[in-house]
Every structure is written in C-alpha cells, then in structure tokens.
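>>> Sequence and predicted structure, then a few things I'm wondering about:
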Amino acid sequence: MTTVRDATFDVLRRYGLTTIFGNPGSTEVTLLTGLPDDLRFVLALHEGSVVGMATGWAIGHEAPALAVLHTTAGLGNAVGAIATARVNRVPLVILVGQQDRRHLALEPFLTGHLSGLAGDYPVRVDQPVRAQDVPGAVARAFHEATTFRGPALVVVPMDDWEAPFSEETVAAPARMVRPAGISDDDLAPLVELLSEARSPAIVAGAGAGWDALVPLAERLGCPVFQESFGGRAGFPQDHPQYAGVLPAGRARLREALAGHDVVLAVGAPVFRQYPYAPGPLVAPGTSVAVITDDPAEAHRSPADLAYLASPSAACARLAALLPSSSPAAGRAPAPDIPELPPEGRPLRAAHVLRELALRLPADTVLIEETPSSRPDLHRLVPARNPLGFLSAAMGGLGFAVPAAVGLRMALPDRPVVAVVGDGSALYGLHALWSATHYRVGALFVVLSNGRYAIMDRLADKQGGKAPWPPFTEVDMGGLARSLGCPARRVDSYDELTAALDEVLPSLASREEPLLLDVTVTVDPDFQP
C-alpha cells in the first residue's frame with residue numbers, strides 16, 4: 001500500500017528536497033523513522049539552528065531547503081529564524097508536526113495552535129483538510145517558497161503519514177516555469193529617465209544580480225551604493241565605481257545622494273533606514289526608480305517609477321538600450337587602515353578585520369553578525385563575490401553561526417567564514433555541534449568583548465544608565481569545546497596572525513570546524 005508518507009517522499013525527490021534539517025519530536029516520529037537511504041537527516045540541537053542551517057543551505061544552493069519542526073515548541077523556538085529567512089528572502093519548505101488528527105478536537109498533550117504562531121512571516125501556512133492532501137500541500141509549498149522567496153509551512157498531523165494514498169491528485173504542478181523577460185517597451189520610461197540624467201546613481205540591494213548590474217553600472221558610468229542593512233552585497237565592493245554603504249538616517253542619506261538627479265534602486269527598497277528622522281528621503285528634484293521582483297518591496301517604495309520584474313533581466317536589457325557614458329572616478333575612498341596595536345595593548349575589531357581582509361581568498365563566503373563592528377567590516381573587508389557578504393537583514397541575532405554551517409554543507413569546496421560578536425554567537429552556538437558531527441569545516445571568528453557593545457553605546461546616547469551587566473565570565477572557547485568544536489583563544493596580534501596564517505590557506509578543504517575566540521576591546525569612537 002502506498003501511503004501519504006511514500007507519496008510525500010516522491011514529492012521531495014522531485015524537487016530536490018532530500019536533505020532534511022530537524023530536531024525530532026514525538027509528532028514527527030512516524031515521518032522520520034526508517035528514512036529511505038536517499039534522504040539525509042541533519043540534526044541540529046535547537047530549532048533556531050534547524051532553520052538557520054536550512055537558510056544557509058538554501059542560500060548556497062539557490063533553491064528551497066527543507067526543515068522539520070516539532071509542533072508548538074519547535075515552531076515557537078524557530079520563529080525568529082523564520083522571520084530572518086523571510087526578510088532575507090530565502091525559500092524554505094517547513095513541515096510542522098501536529099498531534100493525531102483523530103483526537104485534535106479534544107486538544108491532547110502536544111496539540112499546537114499553529115496557524116498564526118509565526119505571524120505574517122511565512123509566505124504560506126497550509127493545514128491540509130485531508131491526509132491525502134499533504135503531498136500536494138508540500139509541492140505547493142515548494143512553489144510558493146520559490147515564487148515569493150520565503151518560508152512556506154505545512155502542518156501535518158502525525159497519523160497522516162500512514163494514511164493510504166492511492167489514485168489521489170497532487171494539487172500542484174509537477175514543473176513550474178517562470179519567464180523572467182521584460183519588453184523594451186516596458187523599459188522605455190526608465191530608459192528615457194536614465195538617458196536624460198545628468199548624474200545618475202545606483203543603489204544595489206540583496207536582490208540585485210551582479211552579472212547584469214555591473215555592465216549597467218559601467219554603461220551609465222555612475223557610482224553604485226550598497227543598501228543599508230542589506231542581507232547580502234548587491235555589487236562587487238572592489239569595483240572602482242563602488243561608493244560604499246548608504247547611511248541609514250535621512251539627513252545623511254540626502255547628503256550621500258546629493259547631486260544625483262536620478263537614483264535607481266536595484267533589488268532594494270527605497271530606502272532602508274534604522275533610526276527615525278523627519279524629512280524627505282532625497283533632496284527635491286531627485287527622481288527615484290526601483291527594480292525589484294519583491295511585490296511588497298515595490299509596493300511600499302516611495303518611487304517615481306517602479307518595476308516589478310527580474311532585476312537581472314531588466315538590467316541586462318537596460319545595459320543594451322542605454323548610451324554609454326564616461327565612468328565615474330574617485331567615488332570610493334581607500335579604507336582607513338587601522339594602525340597595529342602597540343605591544344601589550346588589546347586588539348580592536350578593526351585590527352582583526354584588517355588581518356582577515358589581507359588573507360581571505362576572493363571566493364570566501366563571509367557571514368556577518370557583529371553589530372558593533374559592522375561599519376569596520378564594510379570598510380575593511382570588501383565583498384568580492386555575490387556571497388562575500390551575508391547578514392541577517394531582519395536584524396535579529398542567531399543567524400550567522402547556523403547559516404555558516406548550512407552554507408558550507410551546500411558549498412563544500414568554498415571557504416566559509418563567520419565573523420560574529422560573542423553576544424551574537426550565544427544565540428546560535430548549538431550549531432557548532434552540527435558542524436563538528438557532520439564535518440563542516442567552517443571558520444568562526446568570534447569578536448569577544450564580553451558585553452552588548454552596541455546596546456551600551458545606544459544607552460549612552462539615550463543619556464541613561466544601562467541596566468544590563470557585562471558577561472565577561474562567558475568562555476566562548478569552552479562552550480565551543482563542550483559541543484565538540486575545536487577552539488583557540490587569541491589575545492594578541494601575533495597570536496591572531498599566526499592562527500589566520502595557519503588556517504586560511506587550507507580553509508576550502510578543511511573538514512573540521514574551528515572557533516577563534518578573539519579578545520577585543522570596544523572602539524571608543526564607535527557610533528551605532
């Protein structure tokens with residue numbers, strides 16, 4: 001007899017969802033026990049790491065990844081990671097376990113009120129009416145996750161997996177084709193706007209495609225800014241036309257874009273900010289256009305002209321249609337390289353990032369989660385490939401460590417480095433066990449200052465005393481070793497350079513993770 005479980009496994013195979021990230025619970029035992037040999041189960045020790053690792057895997061493969069969560073507890077633990085996946089626009093298929101359908105009405109132990117638990121962050125939440133509808137719901141979740149680039153949830157009661165499935169209809173297409181072309185007629189208004197611009201500029205976001213955006217920028221000869229708080233680099237940051245990260249406050253944003261009569265945002269909203277400030281986003285007389293394939297991003301952008309289309313396809317045609325211009329010169333200042341710390345003086349984050357930048361291979365996948373050091377990282381470590389900078393665009397902590405594990409699993413021949421603050425690392429440290437167990441040779445560089453430095457500085461700006469204490473007692477290396485992950489303490493410049501010189505040349509082939517616990521002092525000039 002063919003069961004719902006058998007039919008669902010066929011769906012997973014069809015769409016390449018054969019690696020299952022999970023932390024098992026009793027409501028998933030009927031699904032997971034006795035998996036076929038062609039399906040791989042990857043254990044994480046916390047559901048935040050389950051979804052974080054799946055997120056990294058999906059980014060690396062550029063396709064949806066599969067996660068399994070345990071009813072209310074599992075989904076609840078994973079909500080923050082689900083929110084990060086949505087804001088980072090990463091497609092996930094998430095199966096959520098539920099109590100036995102036959103007595104759900106009595107709300108037995110482990111019954112989940114699941115439909116709204118993750119809020120609006122899933123692109124779809126499906127609770128199939130019949131057990132036989134589960135395979136189709138999983139197939140549809142794959143399509144929804146792909147189309148809307150976010151997590152799609154399917155809630156499955158535990159007895160559904162053993163239900164018979166014979167001569168049933170799978171309510172989803174076996175194959176979905178998404179044409180990405182855009183006509184020259186549709187682009188005509190934007191061609192006219194850019195052709196007449198005296199001084200255009202581009203703002204590149206996480207959704208911009210490098211291969212098409214670079215020729216367009218070179219055709220226009222204009223500076224290219226990176227969106228603020230973006231989930232990934234939208235443009236090569238070692239390119240002569242790269243102009244740096246846009247400020248997140250309105251006054252400085254207007255100043256940065258002053259003198260540009262047309263600003264084109266590609267794969268980015270108009271414009272992402274952090275602290276509220278009154279006033280317009282751009283100076284009067286500046287026209288703003290946006291190209292994005294995210295409907296919500298397009299609909300909320302206060303632009304003069306918006307295109308809901310593939311950024312890569314639109315940029316490729318624009319580059320062919322526009323006249324050539326002289327390249328911009330001198331837009332990106334050379335980074336201010338920090339001096340080496342005097343003998344016996346503590347390292348600053350900038351010293352660590354400088355030494356990393358000098359040694360990182362060009363194809364390194366770099367994941368960032370160090371809020372108090374992010375400006376230094378942007379300044380000192382340019383992204384030289386589309387995965388050369390990745391971050392949690394939602395702003396919550398707990399992304400970098402598990403995402404690095406998932407990315408290295410997806411890209412086993414690429415060097416993967418996570419640069420993480422110690423406060424941030426504590427939110428996703430469970431993933432180090434998975435890295436060790438599955439021989440995932442990522443490097444975790446933890447900048448340890450024993451405090452939430454960015455929060456301390458925000459409290460200073462607010463003019464009051466912060467009620468939270470430092471946590472200098474935490475031993476990051478000890479925690480890593482307790483999870484089976486090798487760790488090394490770094491307290492000086494010589495120890496830092498020796499460790500990096502030893503590890504980085506062979507990082508692409510490394511099979512054992514390593515955590516460098518680097519003691520740093522807070523930069524007194526840092527301003528959030």
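Structure received.
>>> Can you give me the pLDDT of the closest residue to residue 316 other than its chain neighbours?
The spatially closest residue to residue 316, leaving aside those adjacent along the chain, is residue 212, at 4.3 Å (C-beta to C-beta, 6 or more residues apart in numbering). Just so you know, the C-beta spots here come from the backbone N, C-alpha and C atoms, and that holds for glycine as well. pLDDT, residue 212: 93.
>>> Is it correct that residue 212 is in contact with residue 315?
Yes: between residue 212 and residue 315 there is a contact under C-beta atoms under 8 Å: 3.9 Å.
>>> Could you check which of the two is surrounded by more residues?
Neighbour count, other C-beta atoms under 10 Å: between residue 212 and residue 315, residue 315 has more, with 28 against 20.
>>> distance of the more buried one from residue 442?
For residue 315, the distance to residue 442 (C-beta to C-beta, to the nearest Å) stands at 32 Å.
>>> same check, this time on residue 346
Distance of residue 346 to residue 442, computed by C-beta to C-beta: 26 Å.
>>> just residue 431 next, same as before
In terms of C-beta to C-beta, residue 431 sits 10 Å off from residue 442.
>>> Tell me who's in contact with residue 203.
224, 225, 226, 227, 246, 263, 264, 265, 266, 268, 270, 271 (C-beta atoms under 8 Å, 6 or more residues apart in numbering).
>>> next one: residue 206
By C-beta under 8 Å, 6+ apart, the residues touching residue 206 are 88, 89, 227, 230, 231, 232, 233, 234, 267, 268, 393.
>>> what's the farthest-apart pair in those?
The largest separation in the contacts of residue 206, counting by C-beta to C-beta, is between 89 and 233 at 14.4 Å.
>>> Who has more neighbours out of the two?
residue 233 (28 against 21).
>>> looking at it, the more buried one is touching residue 377, isn't it?
No: using C-beta under 8 Å as the test, residue 233 is too far from residue 377 to be in contact (11.3 Å).
>>> Could you tell me which residues touch both of those two?
residue 389.
>>> Which one's more surrounded, residue 346 and residue 442?
Per other C-beta under 10 Å, whichever of residue 346 and residue 442 has more neighbours is residue 442, with 30 against 15.
>>> Please report how far the more buried one lies from residue 405.
From residue 442 over to residue 405 the distance is 6 Å, taken as C-beta to C-beta.
>>> list residues touching both of the two?
Shared contacts of residue 442 and residue 405 (C-beta under 8 Å, 6+ apart): 435, 513.
>>> Low-confidence ranges, the stretch 251-400 of the chain, go.
326-337, 342, 344 (pLDDT under 70).
>>> In it, what residue spans correspond to strands?
Along the stretch 251-400 of the chain, counting by DSSP state E, counting those that start in this stretch, strands occupy 262-266, 287-292, 305-308, 347-348, 365-369, 390-391.
>>> Columns mean neighbour count on top of those strands, output as TSV?
Compiled in TSV, the strands of the stretch 251-400 of the chain are given as follows (neighbours: other C-beta atoms under 10 Å):
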stretch	mean neighbour count
strand 262-266	28
strand 287-292	24
strand 305-308	18
strand 347-348	22
strand 365-369	26
strand 390-391	28
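>>> ok, residue 72 to residue 37 distance?
Here residue 72 is placed at a distance of 32 Å from residue 37 (C-beta to C-beta).
>>> between the strands of the stretch 251-400 of the chain, which gets nearest to residue 24?
strand 365-369 (26.6 Å).
>>> CA atoms of that closest one as CSV?
Extracted C-alpha coordinates of strand 365-369, given in CSV (Å, rounded to 0.1, in the frame of the first residue of the first chain):
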residue,chain,number,x,y,z
VAL,A,365,31.7,33.1,1.8
LEU,A,366,31.6,35.7,4.6
ILE,A,367,28.7,35.8,7.1
GLU,A,368,28.5,38.8,9.4
GLU,A,369,26.7,39.2,12.8
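>>> Name the strands paired with that strand and say parallel or antiparallel.
Paired with strand 365-369 in the same sheet, following DSSP bridges, are strand 390-391 (parallel), strand 416-421 (parallel).
>>> how close does residue 515 get to residue 355?
For residue 515, the distance to residue 355 - C-beta to C-beta - is 17 Å.
>>> Give me the more crowded residue out of those two.
Neighbours per residue (other C-beta under 10 Å) separate residue 515 from residue 355, with residue 515 holding more: 28 against 20.
>>> rewinding a little: so which of the strands paired with strand 365-369 is nearest residue 321?
Short answer: strand 390-391, nearest of the strands paired with strand 365-369 by C-beta to C-beta, at 32.1 Å.
>>> That closest one: how far from the chain's middle?
For strand 390-391, the separation from the chain centroid amounts to 5 Å (computed by C-alpha atoms, centre = their mean, to the nearest Å).
>>> again, but for stretch 504-512
Taking mean C-alpha positions (C-alpha atoms, centre = their mean), stretch 504-512 and its chain are 23 Å apart.
>>> Could you work out the end-to-end span of that stretch for me?
With C-alpha to C-alpha, to the nearest Å as the measure, stretch 504-512 spans 13 Å from end to end.
>>> List the buried residues in the helix or strand bottoming out on mean pLDDT in the chain.
Every helix and strand in the chain was compared by mean pLDDT, DSSP states H and E; the lowest is helix 453-462, with a mean of 78. Residues 453, 454, 456, 457 are the ones in helix 453-462 that count as buried (16 or more other C-beta atoms under 10 Å).
>>> Closest to residue 99 out of those?
Closest to residue 99, out of all of these and judged by C-beta to C-beta, is residue 454, at 41.7 Å.
>>> if we can go back for a sec, got the contacts of residue 203 as TSV, with distance to residue 26 columns?
Shown next, in TSV, are the contacts of residue 203 (distance: C-beta to C-beta, whole Å):
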residue	distance to residue 26
224	52
225	51
226	46
227	44
246	49
263	54
264	53
265	48
266	47
268	44
270	48
271	47
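>>> so which pair among these is furthest apart in space?
Pairwise distances across those (C-beta to C-beta) peak at 15.4 Å, for the pair 224 and 270.
>>> quick one: which of the two has more around it?
residue 224 (29 against 24).
>>> Now for residue 73, how many residues are close by?
Residue neighbour count, defined by other C-beta under 10 Å, stands at 16 for residue 73.
>>> The one 10 residues further on too?
By the measure other C-beta under 10 Å, the count of residues near residue 83 is 22.
>>> Report the contact partners of it.
When contacts are counted by C-beta under 8 Å, 6+ apart, residue 83 touches 118, 119, 121, 394, 396.
>>> what secondary structure does it sit in?
Secondary structure, DSSP: H, G, I helix; E, B strand; the rest coil: residue 83 is helix.
>>> Could you check how far it is from residue 60?
20 Å.
>>> again, but for residue 383
According to C-beta to C-beta, residue 383 and residue 60 sit 16 Å apart.
>>> And residue 391, how far from residue 365?
12 Å.
>>> Backbone dihedrals for residue 43, both of them.
phi -90, psi 130 (degrees, to the nearest 10).
>>> I figured it hits residue 435, correct?
No: counting by C-beta under 8 Å, residue 43 sits too far from residue 435 to count as a contact (11.7 Å).
>>> the more surrounded of those two?
More neighbours surround residue 435 than the other of residue 43 and residue 435, with 31 against 16 (other C-beta under 10 Å).
>>> of residue 72 and residue 37, who's got more company?
Neighbour count, other C-beta under 10 Å: between residue 72 and residue 37, residue 72 has more, with 20 against 5.
>>> ok, that one - contacts?
By C-beta under 8 Å, 6+ apart, the contact list for residue 72 reads 110, 111, 112, 113, 114, 117.
>>> Pull out the buried residues from the helix or strand harbouring residue 497.
Residue 497 is part of helix 493-503, with elements assigned from DSSP states H and E. Residues of helix 493-503 classed as buried by neighbour count (16+ other C-beta under 10 Å): 493, 495, 496, 497, 499, 500, 503.
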